[in-house]
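Colleague: below are the sequence and a predicted model; questions follow.
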Amino acid sequence: MKTDGAMKTVAEIAALVDGAVEGDGDVQITGLAGLRAARSGDISFLASRKYDAILADTKAAAVLVRTDWEGNSPCPLIRVKKPDAAMTQIALELAPEYPGATPGVHPSAVVADDVEIGEGACVGPLCVLEDGVVVGKGALLVASCYLGAGARVGEDSVLHAHVSVREGCTIGARTIIHDGSVIGSDGFGYDRQDDGSWVKIPQVGIVEVGDDVEIGSCTTIDRGRFGRTVIENGVKIDNLVQIAHNTVVGENTAMASQVGVAGSTVIGRNVQMAGKASAVGHITIGDNAIIGGNSAAHKDVAPGGILMGFMGRPPMAWKRIRAAQEHLPELLRRVKKLEQEVENLKEE
Amino acid sequence: MKTDGAMKTVAEIAALVDGAVEGDGDVQITGLAGLRAARSGDISFLASRKYDAILADTKAAAVLVRTDWEGNSPCPLIRVKKPDAAMTQIALELAPEYPGATPGVHPSAVVADDVEIGEGACVGPLCVLEDGVVVGKGALLVASCYLGAGARVGEDSVLHAHVSVREGCTIGARTIIHDGSVIGSDGFGYDRQDDGSWVKIPQVGIVEVGDDVEIGSCTTIDRGRFGRTVIENGVKIDNLVQIAHNTVVGENTAMASQVGVAGSTVIGRNVQMAGKASAVGHITIGDNAIIGGNSAAHKDVAPGGILMGFMGRPPMAWKRIRAAQEHLPELLRRVKKLEQEVENLKEE
Amino acid sequence: MKTDGAMKTVAEIAALVDGAVEGDGDVQITGLAGLRAARSGDISFLASRKYDAILADTKAAAVLVRTDWEGNSPCPLIRVKKPDAAMTQIALELAPEYPGATPGVHPSAVVADDVEIGEGACVGPLCVLEDGVVVGKGALLVASCYLGAGARVGEDSVLHAHVSVREGCTIGARTIIHDGSVIGSDGFGYDRQDDGSWVKIPQVGIVEVGDDVEIGSCTTIDRGRFGRTVIENGVKIDNLVQIAHNTVVGENTAMASQVGVAGSTVIGRNVQMAGKASAVGHITIGDNAIIGGNSAAHKDVAPGGILMGFMGRPPMAWKRIRAAQEHLPELLRRVKKLEQEVENLKEE
């Protein structure tokens, strides 16, 4: 909500999104929420017909629906062409405005002598910038960020609080990294000795993050053992994701939360990995592939390939196996019965 | 151990917990541990009869058992009504006391002009409090916390080091958040373009965390795309958990480590999600439901429902399927044999 | 690359690693990469014959192969005894040198009065050291670390930025902890009340991390409920791993990213847990056991035991079950046909 706390009526909101009110236009709207989560006073939206049953039970004060939607609603409606887009428009209108960051280096930041900071960039309080760091024009380091020696952050990028960008790693332009993420910690590489102990393999590469990337919070991307770990332009990575050393993530690939990718795997462009999906090391995942939630790619995936289920399988195979699994206990009984009957027939 | 390093004898500890010594009461106790992990000098406890075999092998110097426990022990026993509770009592007695935090704002903290700090609150070293932050009476920000513009922390809450509470998010009273957790980073929401690139959907909502909540370390809770992500009163969340945008987590629900919940899902009260459990987006999980470890809720779960196994199933179904799976290879052979026999019978 | 930016020729690199050039020795090398990820100018290596097909498609400017390797390459080769080791040698030679940390306490660090700091140790900018902290000789706290009251860090250990070591926890010698990891947050322990609410069980133990341990970024290790959580000497833990309270991890055990171990479990020596593997609480995993990726140990594992698949099974059992699963849908059809045929035979 705006800091002035102004509420809006259903009619006012309808005017804002060029929608048509159906029901009481004087109802007061004080917030926004999904249909399931809506409380009294919230406006919500019907994203798809499959949620019609949820609408019937919603506590929302008003709901945005498509112009041609037919059905019953427990509350006033606003008919619009695109309910989802209208919801975003309302959210932006009602959202509070936070004060912008002040360009320049906050006096509490600890900045080495030979750091280069672009015009209009903002180095927030308690950031640490080591030798040779370069911060591009208009970039924003919110607070308490750590940039190791020689790290580079491109123009107009934003690093939220407690982000680490380790020595030598580079972040492109217009890239956003959320709180607590770590770019460039050492990869997990050791040589095992005869006595069972491990000797560390030097991890002297870097991480190269492209332009227009977004990385969530508490995500970890390891530096190359040598050369680089690469996150190409336009990649979107959610929270708590692990990207191991020398991995390449291709342009516009999207990875949901808690995804894990092991070392030296090359992931193509426009790949989608759903929550908790994973890929073993040293494989290639082709462009446009999709790895379903909780599913593991354990060998190369062809371009456009789709994997689902534990130890990923093609979706039709997985659906058939999964359906068949439900019949397994019954199948055991049926086979036992068959064996008895065949035995009987043989004795006849 | 107390900072004075004083050891206690078995007899002294028995007196403390109102227990009866069986064996040598003069044995010195220098620490506490579980039966499996106990080293020489540790006192341990038998939580359940199912660990009797572990007791037989323990290295503990003494073990707390129930008054009516029967069995053999390699070490002295202390008989008490509730061994588990007695263990806690001993731990508290022997634990070191750490110096309390000093109320007030540490001089190294960076605090905006219009911040409101309640009586007895403690803003620790190197915290950053942006415009409009409110810290309740008696609250403790341990060190290096980041509170974005307009963030609010309720009375007597504790934020450990490196916690981020992003702009506009609210934390209730008596809530504890452990190190490195992030409340209010942006949700993972994009519109895909025809060329495969993604346009960010504004994430302008907040996170609303209730009273008496505890959140572990390196856990991430995303702000609403609009409105709010809600963690209701009494919720307990472990480490490395992901809660996506516009999720609602109902009162007293407990989530173990590495759980992941996708966006807009509504989780009821008293739900339990075990380690690495997950829920897809846009579903409802009813009150008192239980989602087993590694199990995924992929559609609505009824109140009191229990899911186990990959792609969660009811526990009896899962147990039968799992048992049947063990017979699968054998089943294949049996069916092949049947086919041969039927062929023979047909030829007769 | 060295900060002087000097490129090297294939011939110069061959001389460095005592290798024999096959092809154009004048080709310029500007970086290092795996075969899949290599770009123009990169040198790469063939780790195993199974990647021969990858070599055929590589964009690398030169490739290190074994002395006795036979095959075709699209680029110059350097023949060496151990391509993997040679790759490390080249990486070290070409890696930039970063300025070393300056011994002493950075003026921006916040250090309590009774802290003990060893000779040559470096307490970096914006670290917080509470009462009674001990930092060993030559140890390095990179920046913005938090050491709670009484925490101890051993000689020559390195804590990267934003690491928390909570009150009373101890870190051994020569141990490395990467950015954002949390040692000693409270374990997840509550007593459930009749009304569904949870009462916190005091977590007054510590974490005891041994010597020569390495812990990745954003990993969380909870303090004991009582006594200690133990990470023994030589253990290697990757990023985003969860170790719950009172767990013991034995010497030289290795855990890949996103592993989760529940409370009071005792893990032996030389155990290997692959990515996303997990173990439930209160079990014992024997020395030298291996838990495969995504696999869960749900009961005791014998020394040397190997688990694979969902709800871990021995590898041969798992492979047979997995293979059989592929035939499940077909099996259902075959059994149905058999039933019909037996019915026909009975009617005859």
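Modeller: Structure's in. What do you need? Numbers count the residues shown, from 1 in each chain, chains lettered A, B, ... in the order given.
Colleague: where are the low-confidence patches of chain A?
Modeller: A:1-6 (pLDDT under 70).
Colleague: what about the helices in it?
Modeller: A:10-16, A:52-57, A:83-94, A:315-326, A:328-347 (DSSP state H).
Colleague: list the helices and strands the third one packs on?
Modeller: In terms of contact count using 3 or more CB pairs under 8 Å, 6 or more residues apart in numbering or on different chains; DSSP states H and E, helix A:83-94 is assigned the packing partners helix A:10-16, strand A:31-32, strand A:42-45, strand A:62-66. C-beta: built from backbone N, CA, C; applies to glycine.
Colleague: how about that helix: buried residues?
Modeller: For helix A:83-94, a neighbour-count test (16 or more other CB atoms under 10 Å in any protein chain shown) marks A:83, A:84, A:86, A:87, A:88, A:89, A:90, A:91, A:94 as buried.
Colleague: now the residues you listed as JSON lines including distance to residue A:271?
Modeller: Below are the buried residues of helix A:83-94 laid out as JSON lines (distance: CB to CB, whole Å):
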{"residue": "A:83", "distance to residue A:271": "29"}
{"residue": "A:84", "distance to residue A:271": "24"}
{"residue": "A:86", "distance to residue A:271": "31"}
{"residue": "A:87", "distance to residue A:271": "28"}
{"residue": "A:88", "distance to residue A:271": "26"}
{"residue": "A:89", "distance to residue A:271": "31"}
{"residue": "A:90", "distance to residue A:271": "33"}
{"residue": "A:91", "distance to residue A:271": "29"}
{"residue": "A:94", "distance to residue A:271": "35"}
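Colleague: quick one: which of these is nearest to chain C?
Modeller: residue A:91 (30.1 Å; CB to the nearest CB).
Colleague: the closest residue in space to that closest one that isn't next to it in sequence and residue C:308, how far apart?
Modeller: Among residues not flanking residue A:91 along the chain, residue B:226 sits closest, at 3.6 Å (CB to CB, 6 or more residues apart in numbering or on different chains). For residue B:226, the distance to residue C:308 equals 44 Å [CB to CB, to the nearest Å].
Colleague: those two: who's more crowded?
Modeller: Of the pair residue B:226 and residue C:308, residue B:226 is the one with more neighbours under other CB atoms under 10 Å in any protein chain shown, namely 29 against 23.
Colleague: was I right to think the more buried one contacts residue A:89?
Modeller: No: assessed by CB atoms under 8 Å, residue B:226 is found out of contact with residue A:89, at 10.2 Å.
Colleague: state the number of residues packed around residue A:50.
Modeller: There are 9 residues near residue A:50, going by other CB under 10 Å.
Colleague: got the CA positions of stretch A:49-67 in CSV?
Modeller: In CSV, the C-alpha atoms belonging to stretch A:49-67 read as follows (Å, rounded to 0.1, in the frame of the first residue of the first chain):
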residue,chain,number,x,y,z
ARG,A,49,-10.7,-21.3,-15.5
LYS,A,50,-9.2,-24.2,-13.6
TYR,A,51,-9.4,-22.0,-10.4
ASP,A,52,-13.2,-21.4,-10.7
ALA,A,53,-13.8,-23.6,-7.7
ILE,A,54,-11.3,-21.6,-5.7
LEU,A,55,-13.1,-18.4,-6.6
ALA,A,56,-16.3,-19.7,-5.2
ASP,A,57,-14.7,-19.9,-1.7
THR,A,58,-12.5,-16.8,-1.8
LYS,A,59,-12.6,-14.2,0.9
ALA,A,60,-11.5,-11.5,-1.6
ALA,A,61,-13.5,-8.3,-1.7
ALA,A,62,-13.3,-8.2,-5.5
VAL,A,63,-11.9,-10.3,-8.3
LEU,A,64,-10.5,-9.5,-11.7
VAL,A,65,-11.8,-11.9,-14.4
ARG,A,66,-11.5,-12.1,-18.2
THR,A,67,-14.0,-10.1,-20.2
